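Chemist: Sequence first, then the predicted structure, then my questions.
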Amino acid sequence: MYFLHKLLWELRRDPALAARFRDDPDAVLDGYELDPAERAAIAARDFRTLYDRGANPYLLYFCALQIGVSRADYYEQLRAADSEGRTLNG
Amino acid sequence: MAELSGVFATAHSPGLTGFPERADPGKRDAVMAAFGEAGKRIADIGPDAIVAVSVEHFTNFFLANLPAFAVVTSKRHLGPVTKEMGEFLRIPQRYYPGAPELARHIYRYALGHEFDPALADGGFDFDENFCVPLRLLDADDSIPVVPIVVNGVNPPYPTPKRCHDFGRMLRGAIESATTARKVVVLATGGLSHWVGMPQAGQINERFDRDFLIRLESGDPGRLTDYDDAVLDAAGNGAHEIRTWLVAAGAAGVGVPFETLAYEPVPEWLTGTAVAAARIGAHQ
């Protein structure tokens, strides 16, 4: 989880990194030791999966905004049912 | 020796400066009037420095090195951290003056009194934590600021009692300072709110009002009687009340607070409160 948090934090702090991520996510993701499920989720901008895995909500939310996921889309992801029909306590 | 002349605690919701118009006008007016009253009291005191206690939202610190407490001894502080955040908060970027001599005294005093805060001697930038309340309390940035950070953004957190004790130590530090005459403590954060969680926009009004009753009581036992589950039920942002506990400890054991405003404001995503310790001219 440390490297996922590091990625989320650095994407927020470094606009050039966020721009590179938007153009070529794999090139950026290669620089972080991510669990395969984490890597797939962030590449797909699937914040719900990362939230369910216990990532810090501040880091998730700030990163989402920085890589072009709107506030509304972010919260819609978190409030939607997952693939097994579960919803979070929204 | 310096006098701790006033102790205040306020919300720091970005909506206060960034999108005040979205709130119900009656609630907005009540909150802004309370900020105005607190600002007037601070101006009447005419402090040499504000010791501002808040969290920071991963603007400077990260999990590679996350202090439970930190004292910022910089000469000046950039805020908001980016131009974009400045536009979002409607606060132009600027440098806030620091009070490095007082800050270093507080840091040294803490180490001598069984506390071991981290030291940030430069490069510490502000987010809404300090920029938003300072905009409403000291719009000209005329008062130097000593920032103190409490971890309220990533568990595990310092205990409520430890935060209150930190505040008691802080009072001793201020009262033994020789480089300032009058000092104000300002805590910012809370009350109930959720950031980056599905409940964002909800308010736990019952929690908020109960917290303010405890704060008004001046009873440190009640004020620090919180476990993480109770705070979690008021949102990840409710952990920021730790900064208020520091303020309460600084105000003094048994010193009650006055709630200048409390409004649940979903449009600002927070239970929005402004409070002042009943000390000095406002006992």
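Modeler: Perfect, thanks for sending it.
Chemist: Show me what from chain A comes close to chain B.
Modeler: Residues of chain A found near chain B (Cβ under 8 Å from any Cβ of the partner chain) are A:2, A:5-6, A:9, A:12, A:51, A:56-62, A:74-75, A:78-79, A:88-90. In this view, the C-beta of every residue, glycine as well, is placed from N, C-alpha and C.
Chemist: Can you get me a residue count around the residue lying closest to residue B:159 once chain neighbours are set aside?
Modeler: Once flanking residues are discounted, residue B:159 sits nearest to residue B:224: 7.8 Å by Cβ to Cβ, 6 or more residues apart in numbering or on different chains. Neighbour count for residue B:224, taken as other Cβ atoms under 10 Å in any protein chain shown: 19.
Chemist: OK, contacts around residue B:224?
Modeler: Counting by Cβ atoms under 8 Å, 6 or more residues apart in numbering or on different chains, residue B:224 touches B:159, B:160, B:161, B:163, B:164, B:245.
Chemist: Residue B:63 too?
Modeler: So, once contact is read as Cβ under 8 Å, 6+ apart, residue B:63 ends up touching A:2, A:5, A:6, A:9, B:154.
Chemist: From these, pick the one nearest residue B:45.
Modeler: Nearest to residue B:45 out of the contacts of residue B:63 is residue B:154 (Cβ to Cβ; 34.4 Å).
Chemist: burial of the closest residue to that closest one other than its chain neighbours, as a residue count?
Modeler: Ranked by Cβ to Cβ, 6+ apart and with sequence neighbours excluded, the top spatial neighbour of residue B:154 is residue A:56, at 5.7 Å. Neighbourhood size, residue A:56 [other Cβ under 10 Å]: 24.
Chemist: got the contacts of residue B:63 as TSV, with distance to residue B:108 and secondary structure columns?
Modeler: Shown next, in TSV, are the contacts of residue B:63 (distance: Cβ to Cβ, whole Å; DSSP: H, G, I helix; E, B strand; the rest coil):
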residue	distance to residue B:108	secondary structure
A:2	33	helix
A:5	33	helix
A:6	33	helix
A:9	31	helix
B:154	27	coil
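Chemist: In these, find the pair that's most separated.
Modeler: So, the contacts of residue B:63 by Cβ to Cβ: farthest apart are A:6 and B:154, at 13.3 Å.
Chemist: hang on, residue B:266 packs against residue B:201?
Modeler: Yes: in this structure, residue B:266 is within contact of residue B:201 by Cβ atoms under 8 Å, at 5.2 Å.
Chemist: So for those two, which sits in the more crowded spot?
Modeler: Legend: neighbour count by other Cβ under 10 Å for residue B:266 and residue B:201, higher for residue B:266 (17 against 14).
Chemist: Now do the same for the more buried one: its pLDDT.
Modeler: The score at residue B:266 is 97. That number is its pLDDT.
Chemist: got a list of what it touches?
Modeler: Residue B:266 neighbours (Cβ under 8 Å, 6+ apart): B:201, B:202, B:203.
Chemist: just residue B:205 next, same as before
Modeler: Applying Cβ under 8 Å, 6+ apart, the residues near residue B:205 are B:192, B:264, B:271.
Chemist: Just send these back as TSV, with secondary structure too.
Modeler: Converted to TSV, the contacts of residue B:205 look like this (DSSP: H, G, I helix; E, B strand; the rest coil):
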residue	secondary structure
B:192	coil
B:264	strand
B:271	strand
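Chemist: would TSV of these with distance to residue B:5 and neighbour count be doable?
Modeler: Converted to TSV, the contacts of residue B:205 look like this (distance: Cβ to Cβ, whole Å; neighbours: other Cβ atoms under 10 Å in any protein chain shown):
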residue	distance to residue B:5	neighbour count
B:192	30	27
B:264	31	19
B:271	28	30
